[in-house]
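A.B. asks: got a structure for you, letters missing:
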Ligand code: SF4
């Protein structure tokens, strides 16, 4: 039995950008994340995946829709419940260089969350040292500054900071994109080990499908503020339904030379979310578009068990 931790229903985040124009960064997204699983979220830059993550944990106010965390509406939490939510959800950022204050020691960076949430002052240094060892660094690193570390080590510091207050849910926003390829696997392995150890649930945001393959239990694909497909990881790679997912997958090299996959080249650029096409937002680049696609917004439907898609081809 899957235990739902987060339930997102019809979530929208629109930004006013002047002259009455709205940028629909997230436009009616519905999905669930179960406890202990990793949802990999992919899509091109500007498709709304980071805005979705930030709106889910209240870094942005929502325009419409609902996010339930352990059954409670996160945008209506108050007092102790709100403070507990701020502990339960944490974020790991893309650029460890930019997200760590260069004037603070590693100890103070990691202990910031402990201080905010009233952790006993006398225990903070021991707790930070314990966290450093947990993420594969040394306790001697606590007195150093961020510039004394490599990119991979800085991301480990970011992970330790996120873990400090013992969260249940972590949003990792492109946590490996800024790292060398040789270091990426080490950080993914660390996140997987921590998940096993602490029963964490992740939303892992990345811009391409090859990055999320190994860590994700299930994968969601976003395009222009909409979720276009979501399925268990194995199913999505084996049987992608949406033409956009098929195009993204066709660009990933397959290490087995006996398997041939035709490369699908998408025409044109990603339209602006301030001026999205009518009907299906993907229709201006979709090789399978029909007249219906310009008129009707495709429904978000379960085409096979736990395999969701928004495309008229599957009605
Ligand atoms: Fe392509 Fe139409 Fe499906 Fe959109 S609804 S993905 S345009 S076939």
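C.D. replies: Looks like it arrived, so ask away. Treat the numbers as computed from the prediction; the structure is a model and nothing was measured. Numbers count the residues shown, from 1 in each chain.
A.B. asks: and the residue lying closest to residue 219 once chain neighbours are set aside, which of the three is it?
C.D. replies: Once flanking residues are discounted, residue 219 sits nearest to residue 40: 4.4 Å by CB to CB, 6 or more residues apart in numbering. (Glycine included, C-beta is placed from N, CA and C.) Secondary structure, DSSP: H, G, I helix; E, B strand; the rest coil: residue 40 is strand.
A.B. asks: got a pLDDT number for residue 40?
C.D. replies: You'll see residue 40 listed with a pLDDT of 97.
A.B. asks: That one against residue 208, yeah?
C.D. replies: No - under the criterion of CB atoms under 8 Å, residue 40 makes no contact with residue 208, lying 10.4 Å away.
A.B. asks: Compare these two (neighbour count), which wins?
C.D. replies: More neighbours surround residue 40 than the other of residue 40 and residue 208, with 25 against 14 (other CB atoms under 10 Å).
A.B. asks: now that one, which residues is it bridged with?
C.D. replies: residue 204, residue 219 (DSSP bridges).
A.B. asks: what's near enough to touch it?
C.D. replies: By CB atoms under 8 Å, 6 or more residues apart in numbering, the contact set of residue 40 is 204, 206, 211, 212, 213, 215, 216, 218, 219, 220, 233.
A.B. asks: so how many other residues sit close to the residue nearest to residue 99 when sequence neighbours are not counted?
C.D. replies: Nearest residue to residue 99 in three dimensions, chain neighbours excluded: residue 93, at 3.9 Å (CB to CB, 6+ apart). Neighbour count for residue 93, taken as other CB under 10 Å: 20.
A.B. asks: How about residue 47?
C.D. replies: For residue 47, the neighbour count with other CB under 10 Å is 26.
A.B. asks: For the residue nearest to residue 17 when sequence neighbours are not counted, list the residues it contacts.
C.D. replies: Excluding the flanking residues, the one nearest residue 17 by CB to CB, 6+ apart is residue 23, at 5.0 Å. For residue 23, the contacting residues are 14, 15, 16, 17, 272, 273, 274, by CB under 8 Å, 6+ apart.
A.B. asks: from these, which ones fall inside strands?
C.D. replies: 14, 15, 16 (DSSP state E).
A.B. asks: Mind pulling up the pLDDT for the closest residue to the second one other than its chain neighbours?
C.D. replies: Translated: residue 15. Nearest residue to residue 15, sequence neighbours excluded (CB to CB, 6+ apart): residue 23, at 4.5 Å. In the predicted model, residue 23 carries a pLDDT score of 95.
A.B. asks: wait, is residue 23 part of a strand?
C.D. replies: Yes - membership of residue 23 in a strand is supported by three-state DSSP.
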